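Q: after the sequence you'll find the predicted model.
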Amino acid sequence: MFGLVLAAASGPSVAQEAEASQANPLRCELCKQIIKKHYYKIPGLSEFYCETCHQAAPKCLFCGRPMSGAQAPEKVCARCRAKAVTSPEEARQLYHQVRDWLEGDLNLAWSWTISLRLTSDLPEAVGIEGKSGFRELGAFLREGETGTIVLLEALPRDLLIETLAHELAHAWQAENCPPKSTLLWKEGFAQWVAAKALDGFNCEEALAILEHRQDLYGKGYRMIRELESKHGREGVFSAVREGR
Ligand SMILES: [Zn+2]
Ligand SMILES: [Zn+2]
Ligand SMILES: [Zn+2]
């Protein structure tokens, strides 16, 4: 049995110099103070944060935004909590919708049985070690020709769509691609599939975060997207089938 795991979707905040504009000063999204020197921005998001909030406030494990102390015990910001899919039935419906959508739009097909399992502790459920500062969202486990997608319960709707599509892409790879391909290719393709689903389900913000990630997932995604712009979807599929 092997598992492929998607780490938390929150990319690290990137420090940038604020423009010293007196006429149009920037305000910190969290403390609402005018930002004097440096501002911090999460790649893909439009809000600005001051140095104090960036450094001292706890960060939401789903979107990476700095949070107020009141939200901190949950480790999830109010915005992400409001979007949480808490009903397992609703999560299952979304699984089938995402699967149908990927079949229709990307012509992906799965001949194996793939079941969905929701858990409150993903590392424990799949037998991996959790990393601090990250939240593992989903994993694809394979045993022979049976697959299981394990997902963290109560994910925000957009992150649930993203993670379902990502893990369904790994399920497709397990059936259609040689195992020699590198992590950059595997995760890049899975993120490319996830981006298509986010676009199809009108999740603009989650798509912007995905596109701007600075880690291996972001690099892999942009590599596949470049391949698509040069050689089309056919080029992407033939490359991953060959096991680049
Ligand atoms: Zn993955
Ligand atoms: Zn602030
Ligand atoms: Zn959040």
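A: Good, I have the coordinates. Ligands and ions are numbered 1, 2, ... in the order given.
Q: for whichever strand or helix holds residue 124, which residues meet the burial criterion?
A: According to DSSP states H and E, residue 124 maps onto helix 122-126. For helix 122-126, the buried set under the neighbour-count rule, 16 or more other Cβ atoms under 10 Å, comprises 122, 123, 125, 126. C-beta here means a position set from N, CA and C on the backbone, and glycine is covered the same way.
Q: check contacts around the second one.
A: When the contact criterion is Cβ atoms under 8 Å, 6 or more residues apart in numbering, the partners of residue 123 are 129, 130, 136.
Q: give me the lowest-pLDDT entry from those residues.
A: In terms of pLDDT, the lowest of the contacts of residue 123 is residue 130, showing 72.
Q: hang on, that one is in a helix, isn't it?
A: No: assigned with DSSP: H, G, I helix; E, B strand; the rest coil, residue 130 falls outside any helix and is coil.
Q: for it, give its distance to ligand 3.
A: 19 Å (Cβ to the ion, to the nearest Å).
Q: ok, residue 216 next?
A: 22 Å.
Q: and that residue, what does it touch?
A: Contacts of residue 216 (Cβ under 8 Å, 6+ apart): 183, 184, 187.
Q: so what pLDDT did it get?
A: Confidence score, pLDDT, at residue 216: 90.
Q: kindly report the same for residue 17.
A: In this prediction, residue 17 carries a pLDDT score of 59.
Q: could you list the low-pLDDT ranges of the protein?
A: By pLDDT under 70, the low-scoring segments of the chain are 1-23, 132-134.
Q: let me see the ranges of the strands in it.
A: With DSSP state E as the criterion, the chain has strands at 2-6, 14-17, 38-41, 49-50, 113-119, 138-143, 146-152.
Q: now these as a markdown table including distance to ligand 1 and mean neighbour count?
A: What follows is the strands of the chain, written out as a markdown table (distance: least, Cβ to the ion, whole Å; neighbours: other Cβ atoms under 10 Å):
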| stretch | distance to ligand 1 | mean neighbour count |
| --- | --- | --- |
| strand 2-6 | 4 | 18 |
| strand 14-17 | 23 | 10 |
| strand 38-41 | 26 | 18 |
| strand 49-50 | 29 | 26 |
| strand 113-119 | 15 | 15 |
| strand 138-143 | 8 | 21 |
| strand 146-152 | 11 | 21 |
